[in-house]
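Visitor: need a structure here:
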Amino acid sequence: MIENPIDRAVEEAERDASRERRSEEIERVISASSVSSSSAESSHRGVQMSRVETQRDLERHQTELSRIHTARSQHSGTVGRAKSKEWKKPLPNFGAGKPYPPLLPNQEDYVVEFDGPDDPLHAQNWPIRKKLLTAAMLGFTTMTAAFGSSIFSAATAAVGVEFGVSSEVSLLGVSFYVLGFATGPTFWAPLSELKGRRLPLVTSMFGFAIFNIANAVGKDLQTVLITRFFAGFFGACPLAVVAAVFSDMFDNRTRGIAITVFSMTVFTGPLLAPFIGGFIVESYLGWRWTSYIVSFMGFLAFFLNLFFLEETYPPTILVGKAAELRRRTLNWGIHAKQEEIEIDVRELITKNFSRPMRLLFTEPIVLLLSLYMAFIYGLLYLFLTAYPFVFQGVHRMSAGVAGLTFFGMIAGQLIAGVTVLLQQPWYQRKLAANNGVPVPEWRLPSVIAGGVAFAAGLFWFGWSGYRADIHWIVPTLSGLLTGFGLASIFLQALNYLVDAYLMFAASAIAGNTFLRSLAGAGFPLFSKYMFQGMGIEWASTLLGCVAAALVPIPIVFYLYGHKIREKSAFAPTFPPRGAPAAASEEGNASDEKEILESSGNASRARLDRDARSAV
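Guide: Numbering: from 1, shown residues only. Predicted coordinates for the structure are as follows:
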């Protein structure tokens, strides 16, 4: 007889809970009095009654079941959680002539948990006003980091004059910042999983502000370039962590909207900065104030996060809850599951460098999509040089006025964001019709449309911007297509990677971020030579042809992506009910993939509902 999938999911959750509990499991909540009870019999009876109640609660509250799986996924992916460290040297003596004390009666009875699905400590249960204020604060933090990446582009000429170097050398200030974006997430992302979201965000914005001040007062070029790199390194934190904060606060019904708005701040930030930087450089303030302004914004974000940002990461919230209970009950055994973690350097390297690189260079989906997105992201920063060629060189605008033309691209990105949000009902209907199982290829029509629009926008920009007798509004309006294409490609391609790789999504996105950040750092360095040597029209034509040649990549994945994922060692595929999971040649990846697939029949809906992006 075929069991109900929900019943099987409940049974599996209970069975897993008896073997290994997670920091956010909510099956039962044991009071301090029951933990410290001296009667073993009554304690055992209480636990038995609690487990009976647990199953009833799980059957009533699918929110609990969903969060148990989310907690299990988070905890198993945390560095240092995979296995205990094997010690080769013997245990030291306990000290003071004391023997070793006996182990705790049942260690799991001392692990704190959330008090049901409506526990106010859980960030998803915060009042909506608190969530919105937190989202606005973190949106400003993210925009500040992105804003700082491009405002320096308006200062490169002045920097070159002051230090006696070419414009290409002074443009390294932009490239070094973006290189900081490439390296920063490898530190900030695991730190946010170990210590929570608040600590890295507060720390990083303080460092970001300090290094921008150091950049503003730099007395030589090497100081300016080094401080720009570290400003980018610290500024990478909100780009890597804020989306995770939104996932902590918002459930699957609203998370998509929040993350889409967050993505808009990431992509509009670099385009808002050039005109502000241009006006600053042309004024009596000079180029150094481009860094002072960013540092002031960084300090504002730092103080907002320091005083008003509360922790949202559930395992870390439970660490605080356990600390309070220890103080108030004087029961030193109470702890959170997260406190059992020991950092393993080897595992840190594997999960945060080795695995992203293996995914990047061995998975066709990750490699080709990353190359596509790297090209698009590189052009985002190449435009910082291309637009001045058109609007300052051809149309003789000032740097500040020429920067205003980026609002064409900003408008296109906003249109793309609205379009993605309007697709939400359509996506939810398809999801419901497929029993809650997402098909990653559903994301790709937007990527295909965005690719066509982006290539068309490049042709439009080049062939309308090289002549002064064509009104400046014509190349400005080309930004509607390039901005729409850029945002559409990025939003849905990232979601495609998340849907396709589920438990390895963070590693896939880390590899993707590394490659596209390298492109963002490198493209501006050759843009001047390309546009001067080939001319605006032919340089844009070359870029447009490359963009058009890359459009078939999402088309191929739309048609054959499911077959490619079947052969992947990392991408989970869900076999028909009762079918065994296919073996794979990739050691650890194979084991984890088989575990994921073996639970696909019972927990398919809840697993995908938690693991995927909700846009």
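
Visitor: only C-alpha atoms for contact and neighbour calcs from this point on.
Guide: OK.

Visitor: Pro438 - that's part of a strand, no?
Guide: No: counting by DSSP: H, G, I helix; E, B strand; the rest coil, one finds Pro438 to be coil, located in no strand.

Visitor: how about it, nearest residue that isn't a chain neighbour?
Guide: Leu431 (5.8 Å; Cα to Cα, 6 or more residues apart in numbering).

Visitor: is it true that that neighbour touches Arg443?
Guide: No: using Cα atoms under 8 Å, Leu431 is not in contact with Arg443; the gap is 11.9 Å.

Visitor: quick one: which of the two has more around it?
Guide: Counted by other Cα atoms under 10 Å, Leu431 and Arg443 do not tie: Arg443 has more neighbours, with 24 against 17.

Visitor: so what's that one up against?
Guide: Gln492, Ala493, Asn495, Tyr496 (Cα atoms under 8 Å, 6 or more residues apart in numbering).

Visitor: what is the nearest of those residues to Phe176?
Guide: Ala493 (25.7 Å; Cα to Cα).

Visitor: three-state assignment of the closest one?
Guide: helix.

Visitor: quick check: chain neighbours aside, which residue is closest to it?
Guide: Distance criterion Cα to Cα, 6+ apart; nearest residue to Ala493, sequence neighbours excluded, is Val447 at 6.4 Å.

Visitor: three-state assignment of the one you found?
Guide: helix.

Visitor: that one: neighbour count?
Guide: The burial count for Val447: 25, using other Cα under 10 Å.

Visitor: could you check how far it is from Phe389?
Guide: 29 Å (Cα to Cα, to the nearest Å).

Visitor: give me the phi and psi angles of His335.
Guide: Dihedral pair for His335: phi -160, psi 170, per degrees, to the nearest 10.

Visitor: so who does it touch?
Guide: By Cα under 8 Å, 6+ apart, the contact set of His335 is Tyr110, Val111, Val112, Val319, Ala322, Ala323, Arg326.

Visitor: of these, buried ones?
Guide: Tyr110, Val111, Val112, Val319, Ala322, Arg326 (16 or more other Cα atoms under 10 Å).

Visitor: okay, the residues you listed in a markdown table with pLDDT and secondary structure next?
Guide: Rendered in a markdown table, the data for the buried ones among the contacts of His335 read as follows (pLDDT from 0 to 100; DSSP: H, G, I helix; E, B strand; the rest coil):
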| residue | pLDDT | secondary structure |
| --- | --- | --- |
| Tyr110 | 87 | helix |
| Val111 | 87 | strand |
| Val112 | 89 | coil |
| Val319 | 91 | helix |
| Ala322 | 92 | helix |
| Arg326 | 93 | helix |
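
Visitor: need the max-distance pair from these.
Guide: Distances among the buried ones among the contacts of His335 were taken as Cα to Cα; the most separated pair is Tyr110 and Val319, at 12.3 Å.

Visitor: grab the most central residue of the protein for me.
Guide: In the chain, the residue lying closest to the centroid (Cα atoms, centre = their mean) is Ala240, at 4.4 Å.

Visitor: now it: closest residue in space, sequence neighbours ignored.
Guide: Pro185 (5.7 Å).

Visitor: in what element of secondary structure is Phe230 found?
Guide: Assigned by DSSP states H and E, Phe230 belongs to helix 221-249.

Visitor: ok so, going back, distance of the residue nearest to Ala240 relative to Ala236?
Guide: 6 Å.

Visitor: of the two, who's got more company?
Guide: A side-by-side neighbour count of Pro185 and Ala236, using other Cα under 10 Å, places Ala236 first with 31 against 24.
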